[in-house]
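Any chance you could fold what I've pasted below:
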Amino acid sequence: MKTLRNVLAPAKLNLFLHITGRRNDGYHLLQSVFMLIDWYDTLHFDVRTDGQISREDLTLALPPDDLITRAARLLQQASGTSLGAHIAIEKSIPAQAGMGGGSSDAASSLLALNKLWGLRLSVKELSVLGLKLGADVPFFLGGHNAWVEGVGEVIAPISLPAAQFVVVKPPEGLETAKIFGAEALKRDSKPATISVFTANPYGFGQNDLQPVAQRLCPQISEAIDWLETARLERARLEPAVVKGRMTGSGSAVFAQVPRGTNLSQMPQVPVTWFNWQIQMCGNLEVHPQKGWASSDD
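Modelled structure (predicted):
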């Protein structure tokens, strides 16, 4: 039986997220940089010859028809293969965090099954399918950190210097629709350029969703305050250290820290932070499954 073990699905951080306008159909026009980080879900795949798609949750229980099984069925139907798969998932990336965990799982599933089933589909062909699953799936399929524009469909690879970040995820999550539907949401940020961003990649811009999100989820403010304490402590030695911010439309926040920093060097975690997730992460240059689908270049 053909198998693929320890397939890594990385999370992402939005280094900034600006809303530059709104289309007549209600979709928001965005600018952002998506950065891959080494916080992973881990997937395991076995080929099934009976055509069935099955899933096993090794850690957290997922909904019956999550993006992993939907991605597998979509690829199966689009390719016409008679093969199926059993997929086991070790979930680590938190949900409703703005870190793209579900989209990353879907992308890694498409890439792994493309390889396991011998389909030989290209990144472009997989991205057409991925977009039906979620707006962020094509980014993970692309394999690179990226400058993202439009409604998320304009994706251009971008290089980023190696860096380390502390990521904090409160127990509360956020519903994307509530944030984007808020009247108070800032929707008129001035369009930025890649050249301005690259001059200060980890200190550029802001997340325009953050003020609304902080009102909806006060735990975001708690996390940012904790990161600000760490920033002020470091600023005596490193004046350029930037403030923490929210990633995407979820409740996770992050801040850059000097490479080599460990959690014991951060401020003491409040005793009230039950079930909060805090992790040190580095950024990735490329996706772990880069090259599992043919390039369209």
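
Strands of the stretch 151-297 of the chain, start to end?
All strands of the stretch 151-297 of the chain, identified by DSSP state E, counting those that start in this stretch, fall at 154-157, 164-169, 245-246, 253-257, 277-282.

same question, the stretch 1-150 of the chain
3-22, 28-48, 53-57, 84-90, 146-150.

Mean pLDDT, mean neighbour count and distance to Ala106 for the ones you listed - can I get that in TSV?
In short, each C-beta sits where N, CA and C put it, glycine included. Output for those, formatted as TSV (pLDDT from 0 to 100; neighbours: other C-beta atoms under 10 Å; distance: least, C-beta to C-beta, whole Å):
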stretch	mean pLDDT	mean neighbour count	distance to Ala106
strand 3-22	97	20	9
strand 28-48	97	21	10
strand 53-57	97	15	12
strand 84-90	98	21	11
strand 146-150	95	19	17
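
Those strands into JSON lines, with extra columns for distance to Ile68?
Output for those, formatted as JSON lines (distance: least, C-beta to C-beta, whole Å):
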{"stretch": "strand 3-22", "distance to Ile68": "9"}
{"stretch": "strand 28-48", "distance to Ile68": "7"}
{"stretch": "strand 53-57", "distance to Ile68": "6"}
{"stretch": "strand 84-90", "distance to Ile68": "6"}
{"stretch": "strand 146-150", "distance to Ile68": "23"}
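
Which one of these lies nearest to Glu222?
Nearest to Glu222 among the strands of the stretch 1-150 of the chain is strand 3-22 (19.1 Å), distances taken as C-beta to C-beta.

Give me the distance between that closest one and the centre of its chain.
Its chain's C-alpha centre and that of strand 3-22 lie 2 Å apart, by C-alpha atoms, centre = their mean, to the nearest Å.

State the pLDDT value of Phe202.
Actually, residue 202 is Tyr. It isn't Phe. Per-residue pLDDT puts Tyr202 at 93.

so the nearest residue to it once chain neighbours are set aside bridges to which residues?
Closest residue to Tyr202 apart from its sequence neighbours, by C-beta to C-beta, 6 or more residues apart in numbering: Gln256 at 4.7 Å. Beta-bridge pairing of Gln256 under DSSP bridges involves Phe165.

per-residue pLDDT, Gln256?
92.

From Arg245, how far off is it?
Here the criterion is C-beta to C-beta, to the nearest Å. By it, Gln256 lies 10 Å from Arg245.
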